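S.K.: sequence first, then the predicted structure, then my questions.
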Amino acid sequence: MKKNTWKKLMSLTLGAMMMLSLLTGCGSTANTGSDTTAAAQEQSKDTTDYSKVASSADMSSVQAVGEDGMEAVSGKQVKDGTYSVSVDCSSKMFHVTDCQLTVKDGKMTAVMTMSGTGYRCIYLGTGEQASKAKPEDYIFPDTNKEGKDTFVIPVEALDKGISCAAFSKNKQQWYDRTILLRADSLPDGAVTGGSSKTVAELGLQDGSYTVNVTLAGGSGRASIQSPAELTVANGEATAKIVWSSSNYDYMMVGDDKYEPVAGAETSTFNIPVAAFGKKIAVQADTTAMSQPYLIDYTLTFDADSVKAK
């Protein structure tokens, strides 16, 4: 009798433990479902009114992007890799401080780092189109370790304007922008099938030459001397750039700064020529204005015009 009673007690105890385990599991599942629902609700809490578009009166001065004669460069023309590229924008209020372009299998994607966090999102298109689009079509930023916003966008082509609407957190409205990623900021050799050539490809020996050079950019009032003197030493080319003005106090080629040649009648600089037959992005600082101003230009050295002196 005692033995049977003991067996019954054990059965009841085991049954109670199994029931408690099932109840605990059900409780856990219910909590997970609740958490998932809460996350979904949190994502849907965006009550921002995206219907407003800035008028022309609200817009700051609009700048032209690109230059006459620019030809679009597709992803199929750029070698696979990740490159740091320069970005032109139609508004100084949309300031891209860094842009990393990734090219893979003919497709290009850019990660643009902004100077601040003033834009809630962007839309590839006009402000009017953005105001009628769904929020899931907007591109929202990530924040990097420096606290700056980064936007990831697809890029159809370089040297081609991209319509972009930016939604201001402060003004709560869309602003039309045009951005352009510059092919001439890519390193030499990144663009395939181009007509650019290096010193080695032209077969230039160390010595003195002349070369025709074309200036583009700026206001169009300044000019440079062409042909320009070209010196090749140790397989590297240097061009003497002679400006029509004496108001340039330094030039930038990439991250390198070049001081003027002492004693020249007008602003004169010796700068490196990485390639012939392609646009090379440079900057020149002018002192002709009320305060110094760094102006963007491009220089193109004609490969077919190189002549020995």
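M.R.: Yep, it's here. Numbering: from 1, shown residues only.
S.K.: list the buried residues for stretch 277-287?
M.R.: By neighbour count on 16 or more other C-beta atoms under 10 Å, the buried set for stretch 277-287 is 277-286. Using the backbone N, CA and C atoms, a C-beta is placed for each residue, glycine as well.
S.K.: if you look at those, which of them are in strands?
M.R.: Using DSSP state E, 279-286 are the members of the buried residues of stretch 277-287 that sit in strands.
S.K.: JSON lines for the buried residues of stretch 277-287, including pLDDT and distance to Ser163?
M.R.: What follows is the buried residues of stretch 277-287, written out as JSON lines (pLDDT from 0 to 100; distance: C-beta to C-beta, whole Å):
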{"residue": "Gly277", "pLDDT": "88", "distance to Ser163": "30"}
{"residue": "Lys278", "pLDDT": "84", "distance to Ser163": "26"}
{"residue": "Lys279", "pLDDT": "85", "distance to Ser163": "23"}
{"residue": "Ile280", "pLDDT": "90", "distance to Ser163": "27"}
{"residue": "Ala281", "pLDDT": "88", "distance to Ser163": "23"}
{"residue": "Val282", "pLDDT": "94", "distance to Ser163": "28"}
{"residue": "Gln283", "pLDDT": "94", "distance to Ser163": "26"}
{"residue": "Ala284", "pLDDT": "97", "distance to Ser163": "30"}
{"residue": "Asp285", "pLDDT": "96", "distance to Ser163": "31"}
{"residue": "Thr286", "pLDDT": "95", "distance to Ser163": "31"}
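S.K.: picking up where we left off before, output the ones in strands among the buried residues of stretch 277-287 in JSON lines; the columns should cover distance to Asp149.
M.R.: Shown next, in JSON lines, are these (distance: C-beta to C-beta, whole Å):
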{"residue": "Lys279", "distance to Asp149": "30"}
{"residue": "Ile280", "distance to Asp149": "31"}
{"residue": "Ala281", "distance to Asp149": "25"}
{"residue": "Val282", "distance to Asp149": "29"}
{"residue": "Gln283", "distance to Asp149": "26"}
{"residue": "Ala284", "distance to Asp149": "31"}
{"residue": "Asp285", "distance to Asp149": "29"}
{"residue": "Thr286", "distance to Asp149": "32"}
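S.K.: give me the low-pLDDT residue ranges for the protein?
M.R.: 1-44, 193-195 (pLDDT under 70).
S.K.: quick one: secondary structure of the residue positioned nearest the centre of it?
M.R.: Closest residue to the average C-alpha location of the chain: Cys99 at 3.0 Å, with C-alpha atoms, centre = their mean. Of the three states, Cys99 takes strand according to DSSP: H, G, I helix; E, B strand; the rest coil.
S.K.: report the contact partners of it.
M.R.: By C-beta atoms under 8 Å, 6 or more residues apart in numbering, the residues touching Cys99 are 84-87, 110-113, 181.
S.K.: what do you get if the cut-off is 6 Å, keeping everything else the same?
M.R.: Neighbour list for Cys99: 85, 87, 110, 112 [criterion: C-beta atoms under 6 Å, 6 or more residues apart in numbering].
S.K.: for the helix or strand where Glu201 lies, packing partners?
M.R.: Using DSSP states H and E, Glu201 sits in helix 199-202. Contact partners of helix 199-202 among helices and strands, from 3 or more C-beta pairs under 6 Å, 6 or more residues apart in numbering; DSSP states H and E: none.
S.K.: perfect, I'm done here.
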